[in-house]
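Colleague: below: sequence and its predicted model.
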Amino acid sequence: MESIENVIMRGLLFNDDYASKVYPYLKDEYFDGTIKTLFNSYAYLFDKYNKKPTMEALLLYLQKLPLNEDVFKDSVGVLEEIYKNRKEVVDFDWLVDETEEYCSDKATYNAVYDSIQILEGNDKKRDKHFIPELLSDAISIGFDQALGSDYFEDAESRYAYYTNPESKLALPLEALQILTNGGLPPKTLNVFLAGVNIGKSSLMCFLAGELVKQGKNVLYVSAEMSEEALYERIDANLLDVTTDQLKNPELDKEWFLGSLKKLKQRGAGRYFAKEYPTSSAHAGHIKQLLKELKQKKKFKPDIIFLDYINIFTSSRYKTLNGVNSYSYIKAISEEMRGLAVEECVPIVSATQLNRDGMSSLQPDMTNTSESMGLPASCDFMAAIVTNENLMELNQQLIIQLKTRYGAKTSQSKSQLVGIDFSKMRYTDINSMGGSEAESKPMQDAKKTKAKFEKSKTEDWVME
């Protein structure tokens, strides 16, 4: 009886539809011995000439390989057997299904073997944290049936996407709605850029809490703050109390739990916070976390916050030896954006301004600390800026630096917001038109914004 490996090779050589469907998913690690030699030869010729190799081409290529006589004879013998059975009809759908199952079984076997090698210390490049990812990837092996979208045939679905407000995640600040041209689309990476102690985490915690209040499910992953600190900021905003009041030993338990119960009854979404040690978690860990949350808690987020992206790690590099900061941060940002695409959610994170940017009136993307690879990879980037005048008014400017969402006109590039750090709450400042009824603080804010938009030379205090 012909083995499944031989049938797969026969399909690759003599069935164009089968070859085009399954070849992109095949790996040499799924095969052993002679079939592995034949598959590698097939893959080399196919990739080089962008077409299926003939039997003659394979035989000539095998003669050039540094194979010992026994391996060469076995390879030629198997190839001749495959050629002899070339006219034997095999059900196409059955063969595709059998090939998919074969690849899944081989991938699982390899993952288990690799996991044992890691546990026994024989793998010097990977540690035990890679084992869940190895097993998860093996189990999820499958032949993607989607072929992309047809421009004309899928026009109706695009129309629905363009005209449906729910195709974007609306943000709870009008200022950010303007800067993002109506909210955050799924499959995107969005980054806030600011100096030290300006409020990057505060803004993300505010957005997370308000979205929960609106019924959205939120996952907040931090490599900096503890889960308790994250919940403290969320509670202060949603319960309308200061962080000092929350930490008061005399805080009323009945009021606290009752207030949260009322929020839940009003249709609040779900919120999960996960803390990782700094520089210990990468996109693979978060992907595994998402799978476990879905399986164990029936939880799927509408948005993910990462606090903050530079202090996560890359699955491509186990150590930083020989890796420059540009490549490392770029790898992290690409992997996190890939996670956003896989999970079909927007991801929001933050990064630091470099030293020049901290003293600049108008920071730009070149003021991103460590790596320009981050702004190159993200879909939206905005800087959070303040100065002494604005700090006295508890106000900040949010400046659009990059967007793939449209809204690139000068009128929409900077928005003034108010902030109450005691309650971790941001507010819109809408009255920027100059009415006579404006308060003195509002007039000062207008002057500060106008000064910001015109001046290119003054230094601003960032801390």
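Modeller: Received it, and whenever you're ready, just let me know what you need.

Colleague: switch to C-alpha atoms for all contacts and neighbour counts from now on
Modeller: Noted.

Colleague: show me the domain layout of the chain.
Modeller: 4-139, 165-454 (automatic domain parsing).

Colleague: ok now stretch 295-302, how far from the chain's centre?
Modeller: 17 Å (C-alpha atoms, centre = their mean, to the nearest Å).

Colleague: if we can go back for a sec, pick the most buried one from the domains of the chain.
Modeller: Compared across the domains of the chain, domain 165-454 shows the largest average neighbour count, a mean of 18 (mean count of other C-alpha atoms under 10 Å).

Colleague: okay, now the unreliable bits of this structure?
Modeller: Low-confidence segments of the chain, defined by pLDDT under 70: 1, 144-148, 318-321, 359-361, 407-412, 430-463.

Colleague: in the chain, which spans are strands?
Modeller: Using DSSP state E, the strands of the chain run over 188-194, 218-222, 271-275, 303-307, 346-352, 380-385, 395-403, 414-420, 425-428.

Colleague: let's have those strands in TSV, adding distance to residue 205.
Modeller: Shown next, in TSV, are the strands of the chain (distance: least, C-alpha to C-alpha, whole Å):
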stretch	distance to residue 205
strand 188-194	13
strand 218-222	8
strand 271-275	11
strand 303-307	9
strand 346-352	11
strand 380-385	15
strand 395-403	16
strand 414-420	12
strand 425-428	9
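
Colleague: out of the ones you listed, nearest to residue 364?
Modeller: Among the strands of the chain, the nearest to residue 364 by C-alpha to C-alpha is strand 395-403 (6.2 Å).

Colleague: tell me what the closest one is packed against?
Modeller: strand 380-385, strand 414-420 (3 or more C-alpha pairs under 8 Å, 6 or more residues apart in numbering; DSSP states H and E).

Colleague: the first one vs strand 414-420, what angle?
Modeller: I take that to be strand 380-385. Strand 380-385 and strand 414-420 are oriented at 60 degrees to each other (axes from the mean of the first three to the mean of the last three C-alpha atoms, to 10 degrees).

Colleague: name the strands paired with strand 380-385 and say parallel or antiparallel.
Modeller: Taking DSSP bridges as the criterion, strand 380-385 forms sheet pairs with strand 188-194 (parallel), strand 395-403 (antiparallel).

Colleague: okay if I get the ones you listed as CSV plus distance to residue 79?
Modeller: Converted to CSV, those look like this (distance: least, C-alpha to C-alpha, whole Å):
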stretch, distance to residue 79
strand 188-194, 47
strand 395-403, 55
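
Colleague: of all those, which one comes closest to residue 367?
Modeller: strand 188-194 (8.9 Å).

Colleague: and the closest one, how far out from the chain middle?
Modeller: 12 Å.

Colleague: swap in stretch 347-367?
Modeller: 21 Å.

Colleague: end-to-end on it?
Modeller: 22 Å (C-alpha to C-alpha, to the nearest Å).

Colleague: circling back: which one of the strands paired with strand 380-385 lies nearest to residue 21?
Modeller: It is, among these and with distance given as C-alpha to C-alpha, strand 188-194, at 29.1 Å.

Colleague: could you give the angle of the closest one to strand 346-352?
Modeller: 30 degrees.

Colleague: put the alpha carbons of strand 188-194 into PDB.
Modeller: Below are the C-alpha coordinates for strand 188-194, written out as PDB (Å, rounded to 0.1, in the frame of the first residue of the first chain):
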ATOM      1  CA  THR A 188      -4.500  48.500  14.000                       C
ATOM      2  CA  LEU A 189      -1.700  49.500  16.300                       C
ATOM      3  CA  ASN A 190      -2.100  53.000  17.900                       C
ATOM      4  CA  VAL A 191       0.500  54.700  20.000                       C
ATOM      5  CA  PHE A 192       0.700  57.700  22.300                       C
ATOM      6  CA  LEU A 193       4.000  59.500  22.600                       C
ATOM      7  CA  ALA A 194       4.900  61.600  25.700                       C
END
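
Colleague: check the gap between residue 83 and residue 209 for me.
Modeller: 65 Å.

Colleague: same thing with residue 271?
Modeller: 8 Å.

Colleague: try residue 95
Modeller: From residue 95 to residue 209 the distance is 51 Å (C-alpha to C-alpha).

Colleague: again, but for residue 55
Modeller: For residue 55, the distance to residue 209 - C-alpha to C-alpha - is 63 Å.

Colleague: to residue 329, which of the helices and strands packed on strand 395-403 lies closest?
Modeller: strand 380-385 (15.4 Å).

Colleague: ok so, going back, looking at the helices and strands packed on strand 395-403, which is nearest to residue 345?
Modeller: Of the helices and strands packed on strand 395-403, nearest to residue 345 by C-alpha to C-alpha is strand 380-385, at 14.1 Å.

Colleague: which helix of the chain spans the most residues?
Modeller: helix 92-119 (DSSP state H).

Colleague: how far away from the center of its chain is it?
Modeller: 26 Å.

Colleague: give me the nearest residue to residue 338, chain neighbours excluded.
Modeller: residue 187 (7.9 Å; C-alpha to C-alpha, 6 or more residues apart in numbering).

Colleague: can I assume that neighbour is in contact with residue 341?
Modeller: Yes. Applying C-alpha atoms under 8 Å, one finds residue 187 in contact with residue 341, separated by 4.0 Å.
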